[in-house]
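**Student:** Fold the following for me, if possible:
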Amino acid sequence: MERTGPTVRFSGLLAACTAAVLAAGALVATAPAAGAADVDVARNGGFESGLDGWNCTAASGAAVSTPVHGGAKALKATPAGSDNAKCSQSVTVKPNSRYTLSAWVQGSHVYLGATGTGTTDVSTWTQSSGAWKQLTTTFTTGPNTTSVSVYTHGWYGTPAHYVDDLTLVGPGGDPVVIPAVPAGLQQTATAATSVALSWNAVSGASGYHVYRGGTKVATATGPSATVTGLTPSTAYSFQVSATNAAGESAKSAALSVTTTAGGGGGDTKLPARALVGYLHSSFANGSGYTRMADVPDSWDVINLAFGEPTSVTSGDIRFSLCPVAECPNVESETEFKAAIKAKQAAGKKVLISIGGQNGQVQLASTAARDAFVTSVSKIIDTYGLDGLDIDFEGHSLSLNTGDTDFRGPTSPVIVNLISAVKSLKAKYGSDFVLTMAPETFFVQLGYQFYGSGPWGGQDPRAGAYLPVIHALRDDLTLLHVQDYNSGPIMGLDNQYHTMGGADFHIAMTDMLLAGFPVAGNTSRVFPGLRPDQVAIGLPASTQAGNGHTTPAEVNKALDCLIKKTDCGSYQTHGTWSDLRGLMTWSINWDRFNNGEFSKNFDAYFGN
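**Tutor:** Reported below is the predicted structural model:
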């Protein structure tokens with residue numbers, strides 16, 4: 001969250017990742033050519049049989065007779081809106097084998113690539129091609145890889161492009177067989193209306209089906225899923241099966257789980273649909289100062305921005321009202337406390353938010369951890385607050401080299417933060433409200449990159465919030481990731497999504513609810529959160545931050561996530577009917593913008 005103008009902090013990681021990609025490309029370039037016994041294992045790569053064997057997004061793909069590179073047909077694919085006209089095919093391959101992927105393309109910004117290789121996924125592209133041009137890349141499959149996905153796509157807003165004579169040359173793959181029955185089915189989190197499940201990954205599986213009482217209730221691409229819409233204090237029986245192109249395995253042994261009666265991180269007497277906003281209490285900016293008593297009734301959770309440390313590593317957090325010289329209309333301490341009580345009497349929650357853009361907090365020692373607990377407790381007690389919002393940004397959280405598993409972090413700044421928050425939760429009890437507002441850099445980017453990576457060189461902050469969220473998921477009331485001030489982020493569809501429209505919020509939120517393998521490691525899957533634990537974070541106006549989303553696009557995102565309608569090209573991994581609501585930076589900027597954000601929220605949910 002920002003005191004002043006918007007910033008984007010992706011340069012460090014992107015530079016490191018670009019270097020890594022270039023290094024990977026250099027390795028690929030020196031690989032020996034395919035052997036004489038190799039064959040083309042792609043199906044219908046000349047599109048002579050139309051789109052047989054191919055899966056194209058929306059209605060973007062068609063086989064045409066002109067122009068063609070060879071034969072009688074070629075693929076014509078047309079990007080539209082948020083659909084980049086992707087066409088893909090699953091191909092059976094052999095493990096530990098080298099393959100050469102090639103295609104002839106025509107048009108601007110045409111991409112060719114492969115995913116699921118088990119090693120390094122590859123892609124290549126041409127920026128402008130008025131005539132047919134051949135794209136070629138190579139990869140080596142992993143030790144357990146039996147199928148890969150090859151694809152082509154264009155770019156948003158570009159004209160139609162053409163693809164022909166696509167080949168994947170290498171050792172012929174063994175016939176696809178039905179995968180084995182998944183083992184190790186277990187519950188990873190249980191709430192009143194949802195159960196999070198995980199199981200062991202199955203070699204050769206392309207997906208999984210989850211059954212409740214014999215009825216399929218969810219699908220997943222990785223070995224975890226969250227089943228929602230359950231009844232409190234009720235016993236359920238779950239099974240899971242594995243699927244691929246050959247069919248579906250038998251169901252696993254049944255797991256019996258009883259939902260809770262309520263309580264926990266998600267049940268803190270919030271309304272079913274909550275509107276969360278940050279109140280500039282300790283400073284002023286172009287939006288002006290808003291007194292606590294003047295906060296409109298639309299806001300259900302009010303985060304006081306900000307509590308900040310006396311130094312980066314002290315852990316000693318201080319909070320005070322904006323100075324009169326900066327905020328001439330600031331209320332007195334007595335008036336501020338009385339207004340907080342009045343909001344609470346009306347059912348609102350008021351929290352202290354720690355961090356923000358300027359408040360770097362690194363709990364690198366146990367002394368800093370203890371000072372954090374003591375000082376935050378003092379703020380909560382002084383103002384009679386309901387809980388804590390963690391808005392650590394910048395360099396507050398990072399992972400030490402070698403800290404590669406989010407399930408068992410070892411970096412002191414991570415371990416001490418988790419310990420400090422658990423101490424605060426234990427002190428204040430089950431009604432303590434805990435929220436977090438990380439940037440996409442620290443959460444969803446973890447799908448691709450985690451910390452400095454297995455070989456070093458990446459930004460150690462990538463995905464660094466994941467171990468904190470995971471360790472505190474049973475205590476967490478709300479996670480509202482900042483879907484703004486963000487670079488493009490890859491979603492579960494393995495496509496990059498860009499802030500500012502419904503598509504970005506749909507893809508980013510679906511990742512939190514469906515879960516995802518961290519850094520592509522299917523044995524380390526971040527389990528999805530309950531929908532009632534998740535809100536979407538957006539800027540309230542164009543002045544509040546990069547990535548402002550119009551009310552119409554906000555409503556499209558809500559329609560898709562809650563109702564599974566108007567989703568565009570992205571297909572969600574569930575219908576998240578219990579999604580808690582929206583968060584914005586900030587209440588002040590919303591008032592400056594005539595309440596557009598909060599009025600739209602009230603209108604959409606009928607408040």
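**Student:** Low-confidence stretches in this protein?
**Tutor:** 2-37, 58-59, 82, 129, 173-176, 261-268 (pLDDT under 70).
**Student:** Go ahead and flag the most central residue of it.
**Tutor:** Gln444 (3.4 Å; C-alpha atoms, centre = their mean).
**Student:** And the helix or strand that contains Phe372, what does it pack against?
**Tutor:** Assigned by DSSP states H and E, Phe372 falls within helix 366-383. Helix 366-383 sits against strand 301-309, strand 317-318, helix 333-345, strand 349-355, strand 387-391, helix 412-428, with contacts defined as 3 or more C-beta pairs under 8 Å, 6 or more residues apart in numbering; DSSP states H and E. Where you see a C-beta, it was placed from the backbone N, CA and C, and this is true even at glycine.
**Student:** Report the strands that pair with the shortest one, each with its relative direction.
**Tutor:** The one in question is strand 317-318. strand 301-309 (antiparallel) (DSSP bridges).
**Student:** just to revisit the earlier point, in the helix holding Phe372, which residues are buried?
**Tutor:** By neighbour count on 16 or more other C-beta atoms under 10 Å, the buried set for helix 366-383 is 368-373, 375-377, 379-380, 383.
**Student:** Then stretch 531-538?
**Tutor:** 531-538.
**Student:** how about the CA coordinates for that stretch, as CSV?
**Tutor:** Taking C-alpha atoms only, stretch 531-538 is exported to CSV below (Å, rounded to 0.1, in the frame of the first residue of the first chain):
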residue,chain,number,x,y,z
PRO,A,531,-13.5,-18.9,-0.2
ASP,A,532,-14.7,-17.1,2.9
GLN,A,533,-11.0,-16.4,3.7
VAL,A,534,-10.4,-14.6,0.4
ALA,A,535,-11.2,-11.1,-0.8
ILE,A,536,-10.0,-9.3,-4.0
GLY,A,537,-7.7,-6.3,-3.5
LEU,A,538,-8.1,-3.4,-5.9
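**Student:** Let me know the angle separating the helix holding Phe372 from strand 349-355.
**Tutor:** 150 degrees (axes from the mean of the first three to the mean of the last three C-alpha atoms, to 10 degrees).
**Student:** ok, residues contacting helix 366-383?
**Tutor:** 304, 307, 313-319, 336-337, 340, 350, 352, 354, 361-363, 385, 387-388, 416-417, 419-420, 423-424, 427-428 (C-beta atoms under 8 Å, 6 or more residues apart in numbering).
**Student:** picking up where we left off before, now for the buried residues of stretch 531-538, which pair is the farthest apart?
**Tutor:** Asp532 and Leu538 (18.8 Å; C-beta to C-beta).
**Student:** Hmm, Ser206 and Ile178 touching each other?
**Tutor:** No - using C-beta atoms under 8 Å, Ile178 is not in contact with Ser206, being 11.4 Å away.
**Student:** List the residues that contact Thr440.
**Tutor:** Applying C-beta under 8 Å, 6+ apart, one finds that Thr440 lies in contact with 481-483, 486, 489, 508.
**Student:** now, the most widely separated pair of those?
**Tutor:** Gln482 and Ile489 (11.7 Å).
**Student:** When the two are compared, which one has more neighbours?
**Tutor:** Neighbour comparison, Gln482 and Ile489: the larger count goes to Gln482, with 28 against 22 (by other C-beta atoms under 10 Å).
**Student:** Can you spell out which residues form a bridge with that one?
**Tutor:** In beta-bridge terms (that is, DSSP bridges), Gln482 pairs with Glu439, Gly537.
**Student:** Now do the same contact list for it.
**Tutor:** Going by C-beta under 8 Å, 6+ apart, the list of residues near Gln482 reads 1, 437-440, 537, 545, 585.
**Student:** switch to 7 Å and redo it
**Tutor:** 437-440, 537 (C-beta atoms under 7 Å, 6 or more residues apart in numbering).
**Student:** Farthest-apart pair in those residues, please.
**Tutor:** Ala437 and Thr440 (11.3 Å).
**Student:** circling back to that earlier point, mind putting the helices and strands packed on helix 366-383 in a markdown table, distance to Asp493 included?
**Tutor:** Listed next are the helices and strands packed on helix 366-383 as a markdown table, based on distance: least, C-beta to C-beta, whole Å:
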| stretch | distance to Asp493 |
| --- | --- |
| strand 301-309 | 31 |
| strand 317-318 | 40 |
| helix 333-345 | 41 |
| strand 349-355 | 31 |
| strand 387-391 | 29 |
| helix 412-428 | 29 |
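**Student:** These: which one's closest to Asp121?
**Tutor:** That would be helix 412-428 among the helices and strands packed on helix 366-383, by C-beta to C-beta, at 28.0 Å.
**Student:** Show me what the closest one is packed against.
**Tutor:** helix 366-383, helix 466-471 (3 or more C-beta pairs under 7 Å, 6 or more residues apart in numbering; DSSP states H and E).
**Student:** bridging residues for Lys211?
**Tutor:** Wrong residue type there; residue 211 is Tyr, not Lys. Applying DSSP bridges, one finds that Tyr211 bridges with Lys216, Gln239.
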